[in-house]
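Chemist: sequence and predicted structure, then a few things I'm wondering about:
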Amino acid sequence: MTDTIPVKIKRLPHGEGLDLPRYATQGAAGMDVVAAEDVTLSPGARHAVATGLALAIPPGYEIQVRPRSGLALKHGISVPNAPGTIDSDYRGELKVILVNHGSEAFAIARGERVAQLVLAPVTRAGWEEVDDLDETARGAGGFGSTGGHAALA
Ligand SMILES: O=c1ccn([C@H]2C[C@H](O)[C@@H](COP(=O)(O)OP(=O)(O)OP(=O)(O)O)O2)c(=O)[nH]1
Ligand SMILES: [Mg+2]
């Protein structure tokens with residue numbers, strides 16, 4: 001069991017009575033978060049699902065909103081902006097954007113686990129603008145330049 005980082009969490013009125021996000025197992029990386037509303041996603045539809053929660057993440061951390069693999073595999077339900085980024089200075093309602101990539105409508109009931117939240121440290125870059133970059137073996141090669149799948153001819 002690793003140490004935990006305290007994160008302030010506030011239940012909004014429509015979040016009353018719901019489980020707070022929690023780790024399903026001792027070694028889980030993500031806390032499962034539940035929907036605060038009933039919503040049905042038609043095939044191809046997306047929706048920002050209310051959680052009824054607002055957070056104050058400590059400076060130097062973010063929370064990532066990631067899909068649940070079971071929903072993805074069985075029903076094609078994913079998070080289109082995965083990993084969603086919850087900034088430490090955001091005080092609005094945490095929402096989980098879901099998309100239905102499946103072929104059937106998918107009903108979500110209030111209280112059901114829809115995604116998982118991963119607390120992660122943030123490192124910030126400071127640009128150091130230069131006229132020339134150092135040379136490397138890769139150079140400008142990318143996007144499949146090292147091979148792998150059959151080339152597109
Ligand atoms: O899945 C998500 C993604 C974002 N947010 C909230 C928290 C985050 O801090 C804020 C802004 O998110 P982001 O920076 O990804 O969105 P943006 O389109 O760049 O909006 P903004 O201009 O407000 O930064 O929206 C959520 O509640 N759920
Ligand atoms: Mg932004």
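Modeler: That came through fine. Ligands and ions are numbered 1, 2, ... in the order given.
Chemist: ok, now which ones touch the residue in the chain positioned nearest to ligand 1?
Modeler: Nearest residue of the chain to ligand 1, counting by C-beta to the nearest ligand atom: Gly84, 2.5 Å away. C-beta: built from backbone N, CA, C; applies to glycine. Counting by C-beta atoms under 8 Å, 6 or more residues apart in numbering, Gly84 makes contact with 64-66, 96-97, 115.
Chemist: ok, now with 10 Å
Modeler: 48, 62-67, 94-97, 115, 117 (C-beta atoms under 10 Å, 6 or more residues apart in numbering).
Chemist: from those residues, list the buried ones, please.
Modeler: Among these, those classed as buried by neighbour count (16 or more other C-beta atoms under 10 Å) are 62-67, 94-97, 115, 117.
Chemist: closest one of those residues to Ser103?
Modeler: Pro67 (17.7 Å; C-beta to C-beta).
Chemist: what segments of the protein are helices?
Modeler: 69-75 (DSSP state H).
Chemist: in the longest strand anywhere in the chain, what's buried?
Modeler: Ranked by residue count under DSSP state E, the longest strand found in the chain is strand 46-56. By 16+ other C-beta under 10 Å, the buried positions in strand 46-56 come out as 46-47, 49-55.
Chemist: do stretch 14-22 as well
Modeler: Under 16+ other C-beta under 10 Å, the buried positions of stretch 14-22 are 15, 18, 21.
Chemist: quick check: end-to-end length of it?
Modeler: Length of stretch 14-22, first residue to last, C-alpha to C-alpha, to the nearest Å: 19 Å.
Chemist: great, nothing more from me.
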